[in-house]
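Peer 1: quick one, what's the 3D model for this:
(chains A and B)
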Protein chains: 2
Amino acid sequence: MSETDRMLTANAEWAERFPGSRPVAPARHVAVVACMDSRMPLFPLLGLEVGDAHVIRNAGGVITEDTLRSLTISQHLLGTRETVLVHHTDCGLQKTDDRGLADLVQEATGHRPPWTGRTFTDVDTDVRESLAVVRTTPYLASHEVRGFVYDVDTGLLREVV
Amino acid sequence: MSETDRMLTANAEWAERFPGSRPVAPARHVAVVACMDSRMPLFPLLGLEVGDAHVIRNAGGVITEDTLRSLTISQHLLGTRETVLVHHTDCGLQKTDDRGLADLVQEATGHRPPWTGRTFTDVDTDVRESLAVVRTTPYLASHEVRGFVYDVDTGLLREVV
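Peer 2: Predicted coordinates for the structure are as follows:
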């Protein structure tokens, strides 16, 4: 059985205990922007219930053009007003650099990706850069944002100020 | 108390029952690409445990350049091989069009966003377009992908073929 088929079996069990419909607009008016890391189940980690908050995730939890597209839709169409950034310790993006990543992909496939990897060295600096972009993007409806580093060894968030 | 502070209180409770460290590479070698919608807690919805799978999310769950950056890092650096797409019924992106969204943002802020919103009308077509991009992107390490629509009223996934 493939992993995808295992997930479908689990989904049928989820539907048995499904808590019911919720409105499309997030009840707590929050959007979370986080890294895709497999060790962060954001709903229990932040105490979120079904329908509470948008969750936007990519490699690093960085603010890209696509993150800003998602945040814009979250705020202007669906009414969120607080943004929470969640980066974390031991990130895969700290284990290489942009050129090393591109070289790795080219060696494996013969094709070089047409973007930069957004690798980083210091996680606090990375959070501060993301905070600055949210605070200065003129077309967002709200610039209220706070940034955190999740410790994958303890489960605790630490705020970056 | 702000919603962010409420999340920090919930996070302290999460850390009390923290299941412990896991490796950075996802144990089940899967990446999920899903919409940011607040009604999809993907870990319980797919039966995922801490450390099992990458979770990439944006408005619509569409495949953008940033999604491909994340999938590339997931596959080449961290060893995932199956990709699962999760779009859903009653999506906010079906409630406007790209021009309507840009007009809304401009009226509210005086600034027009420099990207298109990726709105859509038919969810199955939207899933098929995303499947096609993953299957034809030459620099990915794996093109094994399946796509689903989550019913926000029943909790069940339906495969798009």
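Peer 1: which parts of chain A are helices?
Peer 2: Using DSSP state H, the helices of chain A run over A:3-16, A:42-46, A:65-72, A:98-109, A:123-136.
Peer 1: mind putting those into JSON lines with distance to A:Val55 and mean pLDDT?
Peer 2: Glycine gets a C-beta too; all of them are placed from N, C-alpha and C. Formatted as JSON lines, these follow (distance: least, C-beta to C-beta, whole Å; pLDDT from 0 to 100):
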{"stretch": "helix A:3-16", "distance to A:Val55": "17", "mean pLDDT": "98"}
{"stretch": "helix A:42-46", "distance to A:Val55": "5", "mean pLDDT": "98"}
{"stretch": "helix A:65-72", "distance to A:Val55": "10", "mean pLDDT": "98"}
{"stretch": "helix A:98-109", "distance to A:Val55": "25", "mean pLDDT": "98"}
{"stretch": "helix A:123-136", "distance to A:Val55": "16", "mean pLDDT": "98"}
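Peer 1: out of the ones you listed, which is closest to B:Asp66?
Peer 2: When the helices of chain A are compared by C-beta to C-beta, helix A:65-72 sits nearest B:Asp66, at 3.8 Å.
Peer 1: to A:Thr83, which of the helices of chain A lies closest?
Peer 2: Taking the helices of chain A one by one with C-beta to C-beta, helix A:123-136 is closest: 5.7 Å.
Peer 1: what comes up buried for the closest one?
Peer 2: A:123, A:126-127, A:130-131, A:133-134 (16 or more other C-beta atoms under 10 Å in any protein chain shown).
Peer 1: go ahead and confirm A:Gly92 touches B:Leu78.
Peer 2: Yes: using C-beta atoms under 8 Å, A:Gly92 is in contact with B:Leu78, at 5.2 Å.
Peer 1: circling back to that earlier point, dump the buried residues of helix A:123-136 into TSV; add distance to B:Val24 as well.
Peer 2: Shown next, in TSV, are the buried residues of helix A:123-136 (distance: C-beta to C-beta, whole Å):
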residue	distance to B:Val24
A:Val123	14
A:Asp126	16
A:Val127	18
A:Ser130	20
A:Leu131	24
A:Val133	25
A:Val134	26
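Peer 1: tell me the two of those residues that are most distant?
Peer 2: Across the buried residues of helix A:123-136 (C-beta to C-beta), the longest gap, 16.9 Å, separates A:Val123 and A:Val134.
Peer 1: before we move on, back to that, mind listing the shared neighbours of A:Gly92 and B:Leu78?
Peer 2: B:Val24 (C-beta atoms under 8 Å, 6 or more residues apart in numbering or on different chains).
Peer 1: mind checking the helices of chain A for the one nearest to B:Ser70?
Peer 2: Going by C-beta to C-beta, the one of the helices of chain A nearest B:Ser70 is helix A:65-72, 9.5 Å.
Peer 1: which elements pack onto that closest one?
Peer 2: Identification of packing neighbours for helix A:65-72 by 3 or more C-beta pairs under 8 Å, 6 or more residues apart in numbering or on different chains; DSSP states H and E yields strand A:30-35, strand A:53-58, strand B:53-58, helix B:65-72.
Peer 1: all set, thanks.
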